[in-house]
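In: Pasting the sequence and the predicted model now:
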Amino acid sequence: MGLLIKNGTIVSDSAEWISDILVEGEKIVSIAKDIPVEGHEVVDATGKYVFPGGVDEHVHMGPFDSYSFETSHAALVGGTTTLVDFSPQYKGMGVIESLHKHNEENAVGKASPDYSFHAMIMENSDKVLDEIPHMVDAGIVNLKLFMAYKYTPFMVEDDLIFKCMQEAKKYGITIMVHAENGDLVDILQKELRAQGAEAPINHSYSRPPLVEDEATSRAIYMAELADCPLFVVHVTTKGAFRRIKEAHERGLPVYGETCTHYLVLDESYLAKPNFEGAKYVCAPALRTKDHGEVLWKAVHNGELQAISSDHAAVVGGFEAKKRGIHDFTKIPNGAPGMQDRLHMIWTQGVEKGRITRQDFVRLCMTNPAKVCGIFPQKGALLPGSDADILIFDPTYRGTITLADQYEGTDYAAYEGFEKKGIADKVYLRGKLMAERGKFVGERGQGRYIKPKPYTKSYDEYHKKKD
Ligand code: MN
Ligand code: MN
């Protein structure tokens, strides 16, 4: 006996049509009209949309400042069935060994959605170059380097980024960058502190758009010289986006994503009184509205590939952020957002006519799975794909509020925002996990998904360049 979802409007990244979906075990086995009911459990999806489960390609599930996978069922409540986490590099440990440790300690038995990893390099040393030939076997197909966060283990020098690019392309690994000029941010932070600046808004003043534009541009030049695909995470500015678009138009395999908060929030949130702005301290900083409007057009036009949450729920929440009450540089970085990514993008994007329903699926489900090397097991409703299914009721009307959050923190990033439509039923590999804002499944059942190299970022590799 299977699960038969009847009469829903199935939405893919290119079409929508009314049909039935039959699930047997953990897989979709058939998509067709009028599948006989036989002995199946029937779910009537008349008047509802049926999407592939959401894939969030950029989250931070611990272990440092942020909550680990123990709160990851929040994603399922919001319709996201796969999280792709940035595995950290532990001090004195290789990237591959770190990934195993992080998985064992923080994900296995704790993850509620299915999950996969990208790896972060957090040591400015050539040692990692010896690991790159073994990374694909270890499940690493996207390797992230940081051009920011000076005086922390994150920031690396350009020479290491360039050498990693030269090596990574031999194995079908894509280089990802956090593109902000860490030296410039450091100087601007010190200048502001010397003038007595304390408040959260200075987080934005110390990391203005130009530091992102410059680093994005530099990363593109390095990738072009190394002849390696580049994926720029959390693109937030008009300038950075234009550099990516321009490179892409020249035939370079250069791609980027943006995140929910850069589309729906703006710099004014950092200026909220009573230190409330600290809730929105994340990097890059929130931008003025004009940047957001350009980003909406970019995602609609397919010029940025995906919308992720960059979820990083600081342990202790707003209370913990108060470590920086008199010094904005000491405010722990990161904001929650994995639970309401899809609701926010639907309400602010689809409902407002900025993107189509097909765009929604492409940006939040299909492309993230392709970028992460886990398509079509994830990110698609196809026979043979995992039965990760989001039945979405577009008629729901409500408001986002802390009381409904599963993210573990003491504030909701999108508190008070209207919610048009709701994740009505969320299935992970055929099992019902969440229903209309409530988690109804069993926690810790998430399974690790091993990615394949030569992801979407390689699709146009070796296309003729001008
Ligand atoms: Mn980042
Ligand atoms: Mn991030």
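Out: That came through, no problem. Computed from a predicted model, the values in this text were never measured in an experiment. Residues are numbered from 1 along each chain as shown. Ligands and ions are numbered 1, 2, ... in the order given.

In: Now do the helices in the stretch 151-300 of the chain.
Out: Remark: helices assigned in the stretch 151-300 of the chain by DSSP state H, counting those that start in this stretch are 158-168, 182-194, 201-205, 209-226, 238-249, 260-264, 289-300.

In: Also the stretch 351-466 of the chain?
Out: 357-361, 367-371.

In: Just name the most buried of those helices.
Out: helix 367-371 (a mean of 27; mean count of other Cβ atoms under 10 Å). No exception for glycine: its C-beta is placed from N, CA and C like everyone else's.

In: Which strands and helices lie in contact with that helix?
Out: Contact analysis of helix 367-371 by 3 or more Cβ pairs under 8 Å, 6 or more residues apart in numbering; DSSP states H and E lists strand 54-59, strand 254-259, strand 306-308 as its packing neighbours.

In: could those strands go into a markdown table alongside mean neighbour count, distance to Tyr411 and mean pLDDT?
Out: What follows is those, written out as a markdown table (neighbours: other Cβ atoms under 10 Å; distance: least, Cβ to Cβ, whole Å; pLDDT from 0 to 100):
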| stretch | mean neighbour count | distance to Tyr411 | mean pLDDT |
| --- | --- | --- | --- |
| strand 54-59 | 30 | 18 | 98 |
| strand 254-259 | 26 | 18 | 98 |
| strand 306-308 | 28 | 20 | 98 |
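
In: between those strands, which one is nearest to Val315?
Out: strand 54-59 (14.9 Å; Cβ to Cβ).

In: ok, residues contacting whichever helix or strand comes after the closest one?
Out: Next along the chain after strand 54-59, taking DSSP states H and E as the criterion, comes helix 73-77. Helix 73-77 has contacts (Cβ atoms under 8 Å, 6 or more residues apart in numbering) with 54, 56, 59, 81, 83, 112-113, 311, 336, 338-339, 405-408, 423, 426, 428, 433-434, 437-439, 441, 443.

In: Can I get the buried part of these as one PyMOL selection?
Out: Buried residues within those, by 16 or more other Cβ atoms under 10 Å, are selected in PyMOL with:
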select buried, resi 54+56+59+81+83+112+113+311+336+338+339+405+406+407+408+423+426+428+433+434+437+439+441+443
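
In: So which of the contacts of helix 73-77 are in strands?
Out: Gly54, Asp56, Val59, Thr81, Leu83, Ala423, Val426, Leu428, Met433, Ala434, Lys438, Phe439 (DSSP state E).

In: ok, now how distant is the third one from Asn142?
Out: If you measure Val59 against Asn142 using Cβ to Cβ, to the nearest Å, the figure is 13 Å.

In: Next: the last one.
Out: Note on Phe439: its distance to Asn142, by Cβ to Cβ, is 29 Å.

In: any idea of the pLDDT on Phe392?
Out: At Phe392, the model reports a pLDDT of 99.

In: My read is that it contacts Tyr49, right?
Out: Yes: using Cβ atoms under 8 Å, Phe392 is in contact with Tyr49, at 4.4 Å.

In: Of the two, which one has the most company?
Out: Phe392 (25 against 22; other Cβ atoms under 10 Å).

In: if I pick that one, what's in contact with it?
Out: Lys48, Tyr49, Val50, Phe51, Gly79, Trp346, Gly421, Ile422, Ala423, Asp424.

In: which one is the last one nearest to, not counting chain neighbours?
Out: Leaving aside its sequence neighbours, Asp424 sits nearest to Asp393 (Cβ to Cβ, 6 or more residues apart in numbering; 4.1 Å).

In: Distance of the one you found relative to Pro332?
Out: From Asp393 across to Pro332, the span is 36 Å (Cβ to Cβ).

In: count of neighbours near Lys91?
Out: Count around Lys91 with other Cβ under 10 Å applied: 9.

In: For Met122, see how far away it is.
Out: Applying Cβ to Cβ to Lys91 and Met122 gives a distance of 8 Å.

In: Same question for Ser116.
Out: Distance from Ser116 to Met122, by Cβ to Cβ: 19 Å.

In: These two - which one has more neighbours?
Out: Using other Cβ under 10 Å as the criterion, Ser116 and Met122 rank with Ser116 on top: 27 against 23.

In: show me the contacts for that one.
Out: Contacts for Ser116 (Cβ under 8 Å, 6+ apart) come out as Thr82, Leu83, Val84, Asp85, Gly139, Cys372, Gly373, Ile374, Tyr448, Ile449, Lys450, Pro451.
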